[in-house]
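Asks: What shape does this take:
(chains A, B, C and D)
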2 protein chains.
Amino acid sequence: MTALVNVGAEDKESVLPKDLNSSLRFGFLIHDVSRLRRVVVDRALKPLGITRSQWWVLAFLSRRDGMTQTALADDLDLTKVAIGGLLDRMETAGFVERRADSNDARARRVYLTRPGVRMVSTIRDSVQRVEMDILDRISEDDLNQAAVTLTKVKETLLEMAGLEPEDSHSLESNLLE
Amino acid sequence: MTALVNVGAEDKESVLPKDLNSSLRFGFLIHDVSRLRRVVVDRALKPLGITRSQWWVLAFLSRRDGMTQTALADDLDLTKVAIGGLLDRMETAGFVERRADSNDARARRVYLTRPGVRMVSTIRDSVQRVEMDILDRISEDDLNQAAVTLTKVKETLLEMAGLEPEDSHSLESNLLE
DNA sequence: CGCCTGTAGTGAACATGTTTACAAACTTCC
DNA sequence: GGAAGTTTGTAAACATGTTCACTACAGGCG
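Replies: Numbering: from 1, shown residues only, chains lettered A, B, ... in the order given. Presented below is the predicted three-dimensional model:
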């Protein structure tokens, strides 16, 4: 396996046009880690009878019950259509209910049901356990180091995606009571 | 924004049961970076008339033309059904063609067409450009540091997912001629 | 040869997401 | 007060993925 190190030597000068393979490899690495995280988290969630997408909705609602669908769509970075379908299924499953907004006849506000509330804490515990297992062998220092770098990458990406760095509805800074 | 740093002090001792929030934050950070990468890469691919999933198929075929659908499914970590549908659309679009295997009447081998081959290099260039833009501001050192940590995380994840660390069909180590 | 088991691919039903188009309800501004 | 534009949610058509069930062929073994 070729290591992810710089060749040095003739590469010494100036703002170095970073090795192309390094860039590609890093992209794939992020992709892999994220994909595997999904697999592992999904597996942990499966016996609980809910999907990852639906969990996100529950998690956001647990912080702010009674959001409109549009607000949910914004926070979750989904289209309104996607949220609509998701909520249809979640309503059928009994996790949430939609009630008309008394001030705006267009809006339908979404509320957790009692089973929805129970599900939130069950799942939160489960996800936290998995996250800790995933990072079990990484030292706090390495973790922080990597987090700083990833945060820089994320800021670049936010700009490239046309979003602002202060963009507050990113998933990272949410759900931490 | 709360920084991702250790509090120190009373946290000094032993194998420290890592801060739960650190773990969760790191998970979200990975999630965010990966999601934003997808958004940015997809946007770059869009004018080229192909989707990310289809590009992966082309990329793997460009390294090994004439794979069976099952082999593609294994390499891409998809089900055979998903590959089947993907190839249906790609065949309609003219990027690939399926030919019967002369030795095994069950198998249908997949080959790049001429337009498919052209598309591969176009897209590869485009993706490489985007990847380099994404990592433009990160120093080579930080990149390597983060890559080492992420690789450790990935190994843990591979074990948790029930795959072996030497698992060779991971996306990271592919496509780099 | 003939049966059993495993493998390659498809079909049906579904979850999740997209884009495009729309109706209905709000807001703004003259 | 009313036209014009904005916002909320849905509908239709599609891409992408899943699981479960199935067909059809391959290959071994008696």
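
Asks: buried sites along the lengthiest helix in chain A?
Replies: The helix spanning the most residues in chain A, taking DSSP state H as the definition, is helix A:20-45. Residues of helix A:20-45 classed as buried by neighbour count (16 or more other C-beta atoms under 10 Å in any protein chain shown): A:22-37, A:39-41, A:44-45. Bear in mind the C-beta positions are built from the backbone N, C-alpha and C, glycine included.

Asks: do the same with stretch A:133-143
Replies: A:Asp133, A:Ile134, A:Leu135, A:Ile138, A:Asp142, A:Leu143.

Asks: closest to DNA strand C among these?
Replies: The shortest approach to DNA strand C among the buried residues of stretch A:133-143 belongs to A:Ile134, at 20.7 Å (C-beta to the nearest atom of the strand).

Asks: where in chain A is pLDDT low?
Replies: With pLDDT under 70 as the threshold, chain A has low-confidence stretches at A:1-24, A:163-177.

Asks: Near DNA strand D, which residues of it? Just list them.
Replies: Chain A has residues A:68-71, A:80-81, A:84, A:87, A:98, A:101, A:104, A:106-109 near DNA strand D, with proximity defined as C-beta under 7 Å from any atom of the strand.

Asks: returning to that earlier point: just to be sure, which of the buried residues of stretch A:133-143 are found in helices?
Replies: Secondary structure of the buried residues of stretch A:133-143 is defined by DSSP H; positions in helices are A:Asp133, A:Ile134, A:Asp142, A:Leu143.

Asks: doesn't B:Ala147 make contact with A:Arg25?
Replies: Yes. Because the distance of 7.2 Å satisfies C-beta atoms under 8 Å, A:Arg25 is recorded as touching B:Ala147.

Asks: right, is the one helix or strand A:Ala146 maps to up against chain B?
Replies: A:Ala146 belongs to helix A:140-160 when assigned by DSSP states H and E. Yes. On the criterion C-beta under 8 Å from any C-beta of the partner chain, helix A:140-160 is in touch with chain B at A:140, A:142-154, A:156-158, A:160.

Asks: And that helix, what does it pack against?
Replies: For helix A:140-160, the packing partners by 3 or more C-beta pairs under 8 Å, 6 or more residues apart in numbering or on different chains; DSSP states H and E come out as helix B:20-45, helix B:114-134, helix B:140-160.

Asks: Following element in sequence after the first one, please.
Replies: Heading C-terminal from helix B:20-45, the first helix or strand you meet, by DSSP H and E, is helix B:52-63.

Asks: For the helix or strand just after that following helix, name the packing helices and strands.
Replies: For helix B:52-63, the succeeding helix or strand toward the C-terminus, using DSSP H and E, is strand B:67-68. Here strand B:67-68 is seen to pack against strand B:108-112 when contacts are counted using 3+ C-beta pairs under 8 Å, 6+ apart.

Asks: What residues of the strand it packs on count as buried?
Replies: Neighbour-count burial for strand B:108-112 flags B:Arg108, B:Arg109, B:Val110, B:Leu112 (criterion: 16+ other C-beta under 10 Å).
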